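Asks: My questions are about this predicted structure, shown below with the sequence.
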Number of protein chains: 4
Amino acid sequence: MPISIDLAFAFQMDKPTDVLLQFEAAMIPEQRLLETDTWVTKGEHFARIPAQDAIGERVWIRAEGRYDVTYTATVAVERMPADVARLERLRPHELPGEAVQYLFDSRYCPADRFQQFVEAEFGSVDGGARIAAIRDWIANGFTYAPGSSTSNTTALDSFIERRGICRDYAHVMVMLARASGIPARFVSCFAPDVTPQDFHAVAEVFLTDPTTPGGGAWFLVDATEMARAEEIVKIGVGRDAADVSFMTSFGPADFIEKSVSVERRPDPHAHNGRAGE
Amino acid sequence: MPISIDLAFAFQMDKPTDVLLQFEAAMIPEQRLLETDTWVTKGEHFARIPAQDAIGERVWIRAEGRYDVTYTATVAVERMPADVARLERLRPHELPGEAVQYLFDSRYCPADRFQQFVEAEFGSVDGGARIAAIRDWIANGFTYAPGSSTSNTTALDSFIERRGICRDYAHVMVMLARASGIPARFVSCFAPDVTPQDFHAVAEVFLTDPTTPGGGAWFLVDATEMARAEEIVKIGVGRDAADVSFMTSFGPADFIEKSVSVERRPDPHAHNGRAGE
Amino acid sequence: MPISIDLAFAFQMDKPTDVLLQFEAAMIPEQRLLETDTWVTKGEHFARIPAQDAIGERVWIRAEGRYDVTYTATVAVERMPADVARLERLRPHELPGEAVQYLFDSRYCPADRFQQFVEAEFGSVDGGARIAAIRDWIANGFTYAPGSSTSNTTALDSFIERRGICRDYAHVMVMLARASGIPARFVSCFAPDVTPQDFHAVAEVFLTDPTTPGGGAWFLVDATEMARAEEIVKIGVGRDAADVSFMTSFGPADFIEKSVSVERRPDPHAHNGRAGE
Amino acid sequence: MPISIDLAFAFQMDKPTDVLLQFEAAMIPEQRLLETDTWVTKGEHFARIPAQDAIGERVWIRAEGRYDVTYTATVAVERMPADVARLERLRPHELPGEAVQYLFDSRYCPADRFQQFVEAEFGSVDGGARIAAIRDWIANGFTYAPGSSTSNTTALDSFIERRGICRDYAHVMVMLARASGIPARFVSCFAPDVTPQDFHAVAEVFLTDPTTPGGGAWFLVDATEMARAEEIVKIGVGRDAADVSFMTSFGPADFIEKSVSVERRPDPHAHNGRAGE
């Protein structure tokens, strides 16, 4: 069933400021954009550049005063669900070069410090089973608590306090996967059933499916258990939230408002088909 | 004058362990490898992959027991020195896509937290003059103190304590450049005159030279003032030290020893050539 | 002129919970309590204990459900103002034993890490002149920004980000004083002109007045510049905010509301008295 | 059996510097000093002050150049061992005022952040049984690793990395006890069987023995399992290591050397007595 997205946000800058935005559904094989419409305030500059790993686009703007963004889209997600627990890991030296960076520590994910912990807690399982065990450990042990974290909160902080929002759940998932030697990246996305409605974030791990030919691939994992892989609309990916913030300002910018609505949209053609029965 | 490098290090693993190494002079236009020789212990695996930004190579090994690495090279550096203070910045939206990731926070460089500081301390200058001011501020205010930092030390820690080693100086340089909206990356390298002799690390910033055509380029900056751009032999680059450690182990590995020697080597052909004049 | 205080706050606990409160003007020689009235919800327990350094009292309560506190007081502050810049330091070995703990690092004030910084930035002055220089450095360089800090924010964080609220200003003041070898403690207080109206926090340093006999004494310093020593009504003191929170809960407690009003109250007797002369 | 202590250490200061030392066995009822001898380099000042909670003494010195300390003592420890698991907690409002400060966060023990963790991990037990469970959790899960921590390492760091030395084990013990609402302090001490031989550190928790009359008391807990309560010679106590460092320097001081030897000494009188049998 297609996913429809309605997004609007606005911010204010007192002087001309460069801002990097990334808020649109990525045009990638696994999700088909049926319709999209982006509207922004006219500013001094507006330039699109490819985003990380060629997934989605970033938009540079330069503007002053109030800046409004609205975006609507309908997206058909054609991603197959996978039982992550059945996936297997690649040995590090089998990883493609572009996955290697996702083994390293990043701003919010100091993974190297958690090698002892993952070995002690999850040492009996590996590969996809390890990932599933980490996901369940987070899902069962953490409290989803809007307002409990800030833009400075790291996965280490969330690990300690056992609470956070989707961003924090994804960071802990990414950190503990990397500490296990499994490449993991952070995915900014839209998904239905996210409560409260907002941008969503999940982790993506690089594993291999033993039942299909070929090397490894990226598989989505949502430790919040709010979104299913076959309904996630990816915006972009990065090492962690520092890379795929929907808005990164190079100078003071005051956030004014944001509204996000993500819904499953009954497909009219499917309906028509049934009408003939 | 060519630079000759003699490197040897060894480590010990009690069980089969994957280790990522990056210790060789990169084969890139600005430095010509006159001769190189790499010798390593024979292990279960040895695989080369391109390193970050296609600068240099990483080596995956998988081995058990003692593992020795020796490397010798002679390199002709053909990089032109630049007066960084005369360089200019590009507006963010003019940056090439591949430079944008170097504006973001990374493991050891939480740049966003320093936007107020750089504005207050260096707000009167911009571009290359800003970079030169930051470099001098570090060089004058910091104490070079081997043993004062660990692998967990961040640029924030070094900023507070005003001391560190080359890695820490480079991290602070990278962090304050990014906080100024100037892309900056971390460079692992060899250089003569580094005291005590060891791997060296410097920063590299993305600026543009107003006297030459074309867009921006990367320029080396060494806040320790120990190395000159025209004598630096690059090994690799990354967002920070997390990306270009000479050895990243995915399991316990005990470091045993390391020796590094980097010398200027008089070029015999140059001497003979002059003799004939 | 007497200071009148009107305070009310409430919180909610889902099960019987121990909570430590400290919210009343301290009964100490330098401030005379003209009238006070404390009203609290009846709970399972209510017990008073002396607070740190015998300044003020803490109240233990144990209760469930909604808990309300209201407090009104009128206080005549009889503290003499002092020009902190003219005060002198005691040599550490001259300090009374009870001041020594205020040289040590505490939860929010990792002072030892700032010894290099204070030496570099304020090394030319000592004693009260050093304290005045630190106070002015904070007052001029920091932005008062409600909402910019949380209960986890340390003086190190505030030092980096150059912003915060009264609690953060006091923490940085305390930290840099201790890094200078001058005992400093954190003071929770009420004061008029605090904007927005709330509990206030300032620092207190242990120095000596060369023009008066006797050893050292504690002197108030407010880096926010919102309160004057002769109008500050002390609630309690501690090493930092961890010791004098107005509410420390040993179990989940949801804060509901708080209102604070602090006013100068013209003294009717003083006026009448003068009229009769 | 009496414990004999031989201690020597030395440090160097390039200019006159104030240093606070705390290295002698405390004169307290539970341990009898049979003989002691303290010898220090003659400096500008030497002054004794009572240490925290009146347990032991601190020594202020002011000196320049090399400074040597030697200390020998023989101590009869008369502390009764206690099975901590059978002890009970006091309700917070039953705690004596002087124990309350040991519920609060301190420099190295940010306990408030661990309330969720202790509830999740140890929620089924309370009082002494909780303390025993925490002690065993540390003893079983942590690796004793000399060199793995520095003077900046907090209990949060040690909790993450699951390793450290006695100081770190004691910090984690103190932190998780406080997070459980049980007062806990840090004890600097001497003990036989500490490997490698050095100053030792343990935790002390405030509980009550249900089989004896009276209120609460402090009970020693050593998560390293190297020392037994009836053989521990206390030097001093504090909120954490920031309060009872054996040497706190208010200016640059270079540590030169340290040797510690702690032995059980057969009591000659006991031997003679037996000889007569």
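Replies: Sure thing, it's come through. Owing to the predicted nature of the structure, the values given are computational and were not obtained by experimental measurement.
Asks: Check the residue nearest to residue A:222 when sequence neighbours are not counted and give its pLDDT.
Replies: Nearest non-adjacent residue to residue A:222, counting by CB to CB, 6 or more residues apart in numbering or on different chains: residue A:202, 4.2 Å away. All C-beta spots, glycine's among them, are computed from the backbone N, C-alpha and C. Turning to residue A:202, the model gives it a pLDDT of 98.
Asks: list the buried ones in the helix or strand residue A:66 falls within?
Replies: Here residue A:66 sits within strand A:57-77, counting by DSSP states H and E. Counting neighbours by 16 or more other CB atoms under 10 Å in any protein chain shown, one finds that the buried residues in strand A:57-77 are A:57-63, A:67, A:69, A:71, A:73-75, A:77.
Asks: Farthest pair within these?
Replies: Using CB to CB, the two most remote members of the buried residues of strand A:57-77 are A:62 and A:77, lying 33.5 Å apart.
Asks: quick revisit: for the strand holding residue A:66, enumerate the helices and strands it packs against.
Replies: Judged by 3 or more CB pairs under 8 Å, 6 or more residues apart in numbering or on different chains; DSSP states H and E, strand A:57-77 is in contact with strand A:3-21, strand A:31-40, strand A:45-50, strand A:233-238.
Asks: will you turn those into CSV that also has mean neighbour count?
Replies: As requested, these are arranged in CSV below (neighbours: other CB atoms under 10 Å in any protein chain shown):
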stretch, mean neighbour count
strand A:3-21, 19
strand A:31-40, 14
strand A:45-50, 14
strand A:233-238, 24
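Asks: and of the ones you listed, who's closest to residue B:138?
Replies: When the helices and strands packed on strand A:57-77 are compared by CB to CB, strand A:3-21 sits nearest residue B:138, at 25.3 Å.
Asks: In CSV, list the C-alpha atoms belonging to that closest one.
Replies: Extracted in CSV, the C-alpha atoms of strand A:3-21 (Å, rounded to 0.1, in the frame of the first residue of the first chain):
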residue,chain,number,x,y,z
ILE,A,3,2.6,5.7,1.8
SER,A,4,1.6,9.4,1.7
ILE,A,5,3.7,12.0,3.4
ASP,A,6,2.7,15.6,4.4
LEU,A,7,5.5,17.6,5.8
ALA,A,8,5.8,21.3,6.8
PHE,A,9,8.4,23.1,8.8
ALA,A,10,9.7,26.7,9.2
PHE,A,11,12.6,28.4,10.8
GLN,A,12,13.9,32.0,11.2
MET,A,13,17.3,33.5,10.6
ASP,A,14,18.2,37.0,11.6
LYS,A,15,21.0,37.3,9.0
PRO,A,16,21.8,35.6,5.7
THR,A,17,22.7,32.0,6.7
ASP,A,18,23.7,28.8,5.0
VAL,A,19,21.5,25.9,5.8
LEU,A,20,21.7,22.3,4.6
LEU,A,21,18.3,20.4,4.4
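Asks: Give me the nearest residue to whichever residue of the stretch 1-150 of chain A sits closest to chain C, chain neighbours excluded.
Replies: Proximity of the stretch 1-150 of chain A to chain C (CB to the nearest CB) peaks at residue A:150, 6.6 Å away. Excluding its sequence neighbours, the residue lying closest to residue A:150 (CB to CB, 6+ apart) is residue C:150, at 6.6 Å.
Asks: Next up, phi/psi of that neighbour, please.
Replies: phi -130, psi -180 (degrees, to the nearest 10).
Asks: And it, how far from residue C:167?
Replies: 10 Å (CB to CB, to the nearest Å).
Asks: which one of these two has more residues nearby?
Replies: Using other CB atoms under 10 Å in any protein chain shown, the more surrounded residue of residue C:150 and residue C:167 is residue C:167, with 24 against 12.
Asks: which strands and helices sit next to the host helix or strand of that one?
Replies: Assigned by DSSP H and E, residue C:167 belongs to helix C:166-179. Applying 3+ CB pairs under 8 Å, 6+ apart, one finds that helix C:166-179 contacts helix C:115-122, helix C:127-141, helix C:155-161, strand C:184-190, strand C:200-207.
Asks: quick one, it and helix C:127-141 angle?
Replies: In terms of direction (axes from the mean of the first three to the mean of the last three CA atoms, to 10 degrees), helix C:166-179 departs from helix C:127-141 by 140 degrees.
Asks: for helix C:166-179, the distance to its chain's centre please.
Replies: The chain centroid and the centroid of helix C:166-179 are separated by 11 Å under CA atoms, centre = their mean, to the nearest Å.
Asks: what does stretch A:136-146 give?
Replies: Chain-centre distance of stretch A:136-146: 17 Å, with CA atoms, centre = their mean.
Asks: And the contacts of that stretch?
Replies: Stretch A:136-146 is contacted from outside by A:121-122, A:158, A:162-165, A:169, A:172-173, A:196, A:223-225, D:116, D:120, using CB atoms under 8 Å, 6 or more residues apart in numbering or on different chains.
Asks: of those, closest to residue C:13?
Replies: Among the contacts of stretch A:136-146, residue D:116 lies closest to residue C:13 (CB to CB), at 16.1 Å.
Asks: contacting residues around that closest one?
Replies: If a contact means CB under 8 Å, 6+ apart, then residue D:116 has A:143, A:161-163 as its contacts.
Asks: and if you look at residue A:200?
Replies: A:166, A:188-191, A:194, A:226-227, A:232.
Asks: can you rerun that using 7 Å?
Replies: By CB atoms under 7 Å, 6 or more residues apart in numbering or on different chains, the contact list for residue A:200 reads A:166, A:189-191, A:194, A:227.
Asks: Roughly how far does it sit from chain D?
Replies: According to CB to the nearest CB, to the nearest Å, residue A:200 and chain D sit 24 Å apart.
Asks: Look up the residues forming beta bridges with that residue.
Replies: Note on residue A:200: beta-bridge partners residue A:189, judged by DSSP bridges.
Asks: what about residue A:98, helix or strand, and which?
Replies: Assessed by DSSP H and E, residue A:98 sits inside helix A:97-100.
Asks: in that helix, what counts as buried?
Replies: Quick answer for helix A:97-100 (16+ other CB under 10 Å): A:99-100.
Asks: Tell me the helices and strands packed up against it.
Replies: Applying 3 or more CB pairs under 7 Å, 6 or more residues apart in numbering or on different chains; DSSP states H and E, we find helix A:97-100 packed against strand B:45-50.
Asks: which secondary structure elements does the strand it packs on contact?
Replies: Using 3+ CB pairs under 7 Å, 6+ apart: strand B:45-50 touches helix A:97-100, strand B:57-77.
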